[in-house]
Structure formats: C-alpha cells, structure tokens
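> this one's sequence-less:
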C-alpha cells in the first residue's frame with residue numbers, strides 16, 4: 001500500500017498561515033513589532049540626521065569656498081609669541097594664484113564697553129581688532145545690520161561688531177546714535193556682522209579701520225591674522241609658500257591653516273557621536289529581537305493543540321517549522337517597515353526645523369530592512385524548531 005506524499009506549501013500559503021497567528025493576537029504582535037520599529041527608527045534617524053547635517057555643511061562650504069587660507073604668527077624658538085611683519089600682506093598679495101588678501105590685527109590691552117560706567121575688569125572677552133577693508137569679501141562674511149567700513153569711516157571712530165560681541169553688549173542694530181566706549185573714546189557702531197562660518201574668531205571681535213586703529217588706539221600695524229583666497233587648483237601650492245612669503249626671515253614662526261579643516265575636524269567629532277548613537281540603536285534593535293523571540297516561544301506553548309492537530313492531519317515537521325519561522329519574519333518585517341517610516345519621518349521633521357534638506361541614504365533603509373530579516377530569522381529559529389519537534393499525541397494531549 002503506497003503512502004501519499006505530503007502536500008507542498010506554496011509561498012502564498014506560507015504567508016497566509018504565518019499571518020494567521022499574528023491576526024489572532026494583534027496586541028501582542030503590535031507590541032513585539034514596536035520594539036523592532038523603535039530600534040530601526042533610531043538607527044535610521046541617527047544616520048539621516050547625520051547625513052543631512054553633512055549635506056548642509058557641504059552646501060555651506062561649496063557656497064563659501066574651501067580655498068581660504070589663514071596666516072598667523074606662531075612661536076619663537078624661546079616659546080614666546082612671534083609676530084608677522086607689517087609688510088606681510090603686501091608680500092602675500094604678490095603670490096600669483098592669490099586672488100584676495102585681507103588682515104586683522106589685534107589691539108592689545110584695549111576693551112569695548114557699552115558705556116563709560118562699566119568697570120574696566122568686566123571686558124566680556126571682546127577683542128578689538130584693526131581690519132582691512134577687503135576683509136568682509138575675503139572671509140565671505142555678511143552684515144546683519146548697517147554697513148561695512150569704507151575708505152572714509154576707516155579713518156574715524158567707527159566700529160563694526162561681530163555677532164557675539166553685539167549680543168554681549170546688548171546691541172541689536174547699528175546707527176549714528178549707537179555708540180560704544182573703547183579705551184576712553186566713543187566709537188559709532190556702523191555695522192553688525194552675521195556669524196562668520198570660516199572665521200568664527202570674528203564673532204567675538206569689534207572691528208575698526210586700520211588707519212583709525214593707528215591714530216586713536218596706538219596700533220603697531222602688525223597683522224595677527226592674514227586671510228587669503230587663491231585659485232582652487234593652486235590652494236596646496238600657495239599653502240606651501242605662505243610661511244616663507246609672510247615672514248622670509250623666520251618662516252618657522254608662521255602658522256598656516258585652512259578654516260575648512262577645522263570644520264572637517266568638527267564633522268569627524270560628529271561622526272564619532274553618530275557611531276555612539278548607532279550603537280544605542282543597535283541595542284534597541286537587539287532588545288526588539290529578544291521581544292520577538294519571547295513572543296514566538298509563548299506562541300508555541302499556547303498553540304500546542306493547534307500544532308498537534310496539524311500534525312495529525314498530515315503536516316510535516318518542516319511545514320510546522322516553516323509556519324512559525326514565517327510568522328517571526330512577518331512580525332519583524334512589520335516592525336522594520338514601521339521603523340523605516342518612523343525614522344524617515346523623524347529625520348524629515350528635524351531637518352525642516354533646522355532649515356536643512358532631509359537626506360536619508362538608501363543604504364540605511366535597505367540595511368534596516370535587512371537587519372529585520374536577520375533578526376526575525378534568528379528570533380524565530382528556536383521556537384520554530386521547538387514546535388516542529390512536538391509529537392502529534394503529545395501536542396494534542398496538552399490542555
């Protein structure tokens with residue numbers, strides 16, 4: 001007498017049978033999927049927000065340019081602070097690929113006060129600097145209010161405040177009636193700068209014309225920072241000769257840097273922080289996987305009569321195993337899809353509040369879904385094997 005081969009389950013049947021277990025216990029399925037969704041959403045949101053931030057930084061650098069180099073005095077052989085010669089700017093301007101040059105010079109022992117009633121010790125950390133007229137264009141700075149120095153105002157007590165300086169002094173606008181007290185002299189605030197991305201040191205400075213600094217404040221004429229712009233293709237070549245050009249007598253006492261390098265370093269710090277957050281997201285994902293495994297184990301215990309009945313009707317161990325494995329995968333996939341949607345939503349909302357363009361890399365979404373498949377398979381493997389090992393008589397005997 002021949003025995004009939006067990007019927008094969010089509011993929012659609014596997015999905016239907018696996019989904020039946022989820023439909024009978026919707027609340028438990030929802031809570032288990034929620035654990036997976038939180039982990040996936042956390043990982044995608046971290047990657048998306050980090051990518052959106054990098055994209056915004058790249059956009060800003062593209063707009064401002066990465067060809068800005070700064071020259072500043074370093075240290076002498078004896079550890080003292082060196083100085084740049086007064087003619088450093090003119091010598092740098094003679095470098096062929098250099099297109100723009102401007103400098104600032106710090107005026108030592110000089111502070112800015114809102115009025116003449118403030119004690120001299122309360123300087124607020126504001127530095128007073130002489131500035132060339134080309135500074136605004138060279139560092140890609142913009143004005144929040146008022147005007148920049150010109151050939152006339154650079155010779156008289158006129159001053160432009162950095163964004164941080166204006167905040168500390170409580171000055172929100174420029175005008176002929178707005179004045180600050182500098183070393184016993186009243187200076188008229190003619191302008192206020194926006195934040196300067198590539199030269200943040202200007203945010204906490206007060207800038208006056210080079211001639212006015214020499215006439216009114218005894219400025220010695222030595223630049224403390226020289227900003228240069230050059231052709232994009234020649235940035236590294238210019239960088240290599242700036243020290244010798246700025247101070248031929250002591251090039252080792254000159255520091256040359258690129259502000260965009262500092263931004264790149266800040267971005268590297270952000271990447272490290274992103275890695276930490278991704279680790280936390282992975283932990284949340286692991287916890288979600290444990291929740292799925294726990295749900296499936298309990299499901300096997302509760303559905304022993306169902307398993308026994310199916311075995312008695314001809315279902316093979318492999319079909320029982322496939323049923324519970326499919327249920328675990330479906331449960332994880334539901335959580336994965338919800339997590340991707342939630343992660344993209346969080347990223348988009350945060351980017352909009354920051355004025356950024358939302359960027360969610362495709363690999364993050366694909367990787368998140370792949371992670372749910374792996375977790376679903378791992379979480380469901382043991383319960384599925386346990387269900388398949390149950391003998392029909394043992395399962396049916398369970399109350």
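Great, that's in hand. Computed from a predicted structure; not experimentally measured.

> Name the nearest residue to residue 376, ignoring sequence neighbours.
Distance criterion CB to CB, 6 or more residues apart in numbering; nearest residue to residue 376, sequence neighbours excluded, is residue 332 at 2.9 Å. (C-beta placed from N, C-alpha, C; glycine too.)

> The one you found - how many residues pack around it?
Neighbourhood size, residue 332 [other CB atoms under 10 Å]: 30.

> Secondary structure element for it, which one?
According to DSSP states H and E, residue 332 maps onto helix 317-354.

> what comes into contact with stretch 123-130?
Stretch 123-130 is contacted by residues 104-107, 110-113, 165, 168-169, 182-183, 202, 204-210, 212-214, 217, 219, 224 when judged by CB atoms under 8 Å, 6 or more residues apart in numbering.

> any idea how far the nearest residue to residue 365 once chain neighbours are set aside is from residue 32?
Excluding the flanking residues, the one nearest residue 365 by CB to CB, 6+ apart is residue 340, at 5.2 Å. Plainly put, residue 340 is 17 Å away from residue 32 if you go by CB to CB, to the nearest Å.

> Comparing these two, which residue is more hemmed in?
Neighbours per residue, other CB under 10 Å: of residue 340 and residue 32, the larger number sits with residue 32, 28 against 22.

> got a pLDDT number for that one?
pLDDT recorded at residue 32 is 75.

> Quick check on it: phi, psi?
The phi and psi values for residue 32, taken as degrees, to the nearest 10, are phi -70, psi -40.

> The helix or strand following the helix holding residue 332: which residues count as buried?
Counting by DSSP H and E, the next helix or strand C-terminal to helix 317-354 is helix 362-389. By neighbour count with 16 or more other CB atoms under 10 Å, helix 362-389 contains the buried residues 364-365, 368-369, 371-372, 375-376, 379-381, 383-384, 386-388.

> Now the two most distant members of these.
Pairwise distances among these were taken by CB to CB; the largest, 35.5 Å, belongs to 364 and 388.

> Strands of the stretch 201-350 of the chain, start to end?
Assigned by DSSP state E, counting those that start in this stretch, the stretch 201-350 of the chain shows strands spanning 205-209, 225-230, 254-257.

> For these, give me JSON lines that also has mean pLDDT.
Shown next, in JSON lines, are the strands of the stretch 201-350 of the chain (pLDDT from 0 to 100):
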{"stretch": "strand 205-209", "mean pLDDT": "96"}
{"stretch": "strand 225-230", "mean pLDDT": "92"}
{"stretch": "strand 254-257", "mean pLDDT": "88"}
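
> want to throw the ones you listed into TSV with distance to residue 80 and mean neighbour count?
Below are those laid out as TSV (distance: least, CB to CB, whole Å; neighbours: other CB atoms under 10 Å):
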stretch	distance to residue 80	mean neighbour count
strand 205-209	23	25
strand 225-230	18	25
strand 254-257	14	18
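
> Of all those, which one is nearest residue 27?
The closest of those to residue 27 is strand 254-257. By CB to CB, the value is 59.7 Å.

> and that closest one, how far from the chain's centre?
Its chain's C-alpha centre and that of strand 254-257 lie 27 Å apart, by CA atoms, centre = their mean, to the nearest Å.

> What lies in contact with it?
Contacts for strand 254-257 (CB under 8 Å, 6+ apart): 69-74, 82, 84, 239, 242-243, 246-247.

> Turn those residues into TSV, including pLDDT.
As requested, the contacts of strand 254-257 are exported to TSV (pLDDT from 0 to 100):
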residue	pLDDT
69	89
70	90
71	93
72	92
73	91
74	86
82	85
84	92
239	87
242	92
243	92
246	93
247	92
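
> Can you give me the neighbour number for residue 349?
Neighbour tally, residue 349, other CB under 10 Å: 12.

> Now residue 159: which helix or strand?
strand 158-161.

> how close does residue 131 get to residue 359?
Separation of residue 131 from residue 359 (CB to CB) stands at 37 Å.

> These two: which is more packed in?
The neighbour count for residue 131 versus residue 359, taken as other CB under 10 Å, is higher for residue 131 (25 against 19).

> returning to what we had before: put together JSON lines for the strands of the stretch 201-350 of the chain, with distance to residue 283 on each row.
What follows is the strands of the stretch 201-350 of the chain, written out as JSON lines (distance: least, CB to CB, whole Å):
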{"stretch": "strand 205-209", "distance to residue 283": "45"}
{"stretch": "strand 225-230", "distance to residue 283": "46"}
{"stretch": "strand 254-257", "distance to residue 283": "39"}
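
> out of the ones you listed, nearest to residue 158?
Nearest to residue 158, of all the strands of the stretch 201-350 of the chain, is strand 205-209, at 6.8 Å by CB to CB.

> and the closest one, what does it pack onto?
In terms of contacts (3 or more CB pairs under 8 Å, 6 or more residues apart in numbering; DSSP states H and E), strand 205-209 is packed against strand 127-131, strand 158-161, strand 179-182.

> for the second one, what is the average pLDDT?
I take that to be strand 158-161. Looking at strand 158-161 alone, the average pLDDT works out to 97.

> Run a quick check on residue 343 versus residue 360, I expect a contact.
Yes - using CB atoms under 8 Å, residue 343 is in contact with residue 360, at 7.4 Å.

> Need the residues touching each of those two.
Common contacts of residue 343 and residue 360 (CB under 8 Å, 6+ apart): 44, 48.

> What's the separation between residue 358 and residue 232?
Counting by CB to CB - residue 358 and residue 232 are separated by 29 Å.

> Mind checking which of the two has more residues around it?
Neighbours per residue, other CB under 10 Å: of residue 358 and residue 232, the larger number sits with residue 358, 19 against 10.

> didn't the more buried one look like it was pressed against residue 47?
No - using CB under 8 Å, residue 358 makes no contact with residue 47, being 11.9 Å away.
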